[in-house]
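Colleague: Starting from these lines, generate the structure:
(one chain, ligands or ions: 1)
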Amino acid sequence: MRQFDHQRPNPARMYDYMLGGKDNFAVDRQAIDQLAELIPEAVALARANRAFLQRAVRYVTRAGVCQFLDLGSGLPTQGSAHEVAPDARVVYVDHDPVVAAHATALLRHSCPDRAFFVHADLLDAADVLAQAVGFLDLNRPVGVLLVSILHFLPDSAGPSQAMAVLRERMAPGSFLVISHATTMGRLEDEERTTGMYRNVSAGGGTDRTPAEIRAFFGDFPLEPPGLVQATDWRPDRPKLVGDWSLPSSLMAGVGKKKNG
Ligand SMILES: C[S@@+](CC[C@H](N)C(=O)[O-])C[C@H]1O[C@@H](n2cnc3c(N)ncnc32)[C@H](O)[C@@H]1O
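Modeller: Predicted coordinates:
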């Protein structure tokens, strides 16, 4: 496993800093400060995304689901699924060895009975599911979260195939929660967004249209209001004057696997 490197910024720790967390180092904070100069809305985007995750987890919990699989989770801090759903079992999955070391230690200390970390590549969905069955009952409905992760995965890496495996294995009544950045073809935004991805991920980003994002849900019907701006997905407060309008749009939706 890679050594813990305090000198190099890490995407998950940078993300934690954007969310107001304390699981980051000076090098991560400097990287985000530089990013914010280039792309001032980066922090607002990260927070809008986390707020969507929390509303979606509450929604799924209210529907009676009490287990979650969070794929590409980053660090399980700052109001992650197990904090928002205190009665649920949660499995976090990330492929970053730095996240794996930190998250395993964090959860073992703070929530050893119902929140677990699996170090795996979500693109190998069969492996992820094989590891998750040690913690979750996949014969019962589960909330599967792919929040702000699919835009990091180019089509050539096979995210559609991984999603098909996941959808197939999810029990009827399960929910699929997705958020995905899109510029909807605005060229200037596309360049800015790609620059942002390059800053927070090793591999750059993949812009997709709303129709391409919808395809990740397969034949799962979308819960109202459908695939919309993340801030418009069942907001829990009215929009305020001065709320940041995000030029690089973040689409979000929740699908439910039908019975039978
Ligand atoms: C922007 S963070 C998203 C964090 C979280 N899902 C959220 O919305 O708050 C993206 C995370 O996905 C992880 N990741 C990227 N590609 C992955 C892959 N193929 N398998 C598992 N994790 C991956 C990265 O290591 C990073 O921690």
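
Colleague: Show me what from the stretch 101-250 of the chain comes close to the ligand.
Modeller: Residues of the stretch 101-250 of the chain found near the ligand (Cβ under 6 Å from any ligand atom) are D121, L122, L123, V147, S148, I149, F152. (Each C-beta comes from the backbone N, C-alpha and C, glycine too.)

Colleague: Show only the entries of the residues you listed found in strands.
Modeller: V147 (DSSP state E).

Colleague: And K256, how close does it get to G143?
Modeller: 10 Å (Cβ to Cβ, to the nearest Å).

Colleague: Check D232 too.
Modeller: D232 is 20 Å from G143, by Cβ to Cβ.

Colleague: which of the two has more neighbours?
Modeller: G143 (26 against 13; other Cβ atoms under 10 Å).

Colleague: what about the helices in the protein?
Modeller: Under the criterion DSSP state H, the chain contains helices at 11-18, 26-38, 42-62, 81-84, 97-110, 125-132, 159-169, 187-200, 210-215.

Colleague: List the contacts of the fourth one.
Modeller: Residues from elsewhere that reach helix 81-84 (Cβ atoms under 8 Å, 6 or more residues apart in numbering): 53-54, 57-58, 61, 68, 70, 76, 88, 90, 92, 107, 111, 114-115, 143, 145.

Colleague: Need the residue closest to the centroid of this structure.
Modeller: V147 (2.3 Å; Cα atoms, centre = their mean).

Colleague: Tell me which helix or strand in the chain has the weakest average pLDDT.
Modeller: None of the helices or strands of the chain scores lower by mean pLDDT, DSSP states H and E than helix 187-200, at a mean of 57.

Colleague: Among the helices of the chain, show me which one is buried the most.
Modeller: With neighbours taken as mean count of other Cβ atoms under 10 Å, the helices of the chain reach their highest mean count in helix 11-18, at a mean of 24.

Colleague: pLDDT of that helix, averaged?
Modeller: Averaged over helix 11-18, pLDDT sits at 90.

Colleague: how much does that helix deviate in direction from helix 97-110?
Modeller: Angle between the axes of helix 11-18 and helix 97-110 is 60 degrees (criterion: axes from the mean of the first three to the mean of the last three Cα atoms, to 10 degrees).

Colleague: Run through the neighbouring helices and strands of helix 11-18.
Modeller: helix 26-38, helix 42-62, helix 97-110, helix 187-200 (3 or more Cβ pairs under 8 Å, 6 or more residues apart in numbering; DSSP states H and E).

Colleague: Now do it and helix 26-38, the angle between them.
Modeller: 70 degrees.

Colleague: so what's in contact with K256 and G143 at the same time?
Modeller: S174, F175.

Colleague: quick one: T183 from V90, how far?
Modeller: 31 Å.

Colleague: So between the two, which is more surrounded?
Modeller: Taking neighbours as other Cβ under 10 Å, T183 and V90 compare with V90 leading, 28 against 20.

Colleague: Please list all residues in contact with that one.
Modeller: Here V90 is in contact with Q67, F68, L69, D70, P76, S80, A81, H82, R114, A115, F116 (criterion: Cβ under 8 Å, 6+ apart).

Colleague: per-residue pLDDT, it?
Modeller: 98.

Colleague: May I have the beta-bridge partners of it?
Modeller: With DSSP bridges as the criterion, V90 is bridged to F68, A115.

Colleague: can you list the weak-confidence ranges in the stretch 151-260 of the chain?
Modeller: 184-204, 239-248, 260 (pLDDT under 70).

Colleague: Quick check: the residue of the stretch 151-260 of the chain nearest the ligand.
Modeller: Closest residue of the stretch 151-260 of the chain to the ligand, Cβ to the nearest ligand atom: F152 (5.0 Å).
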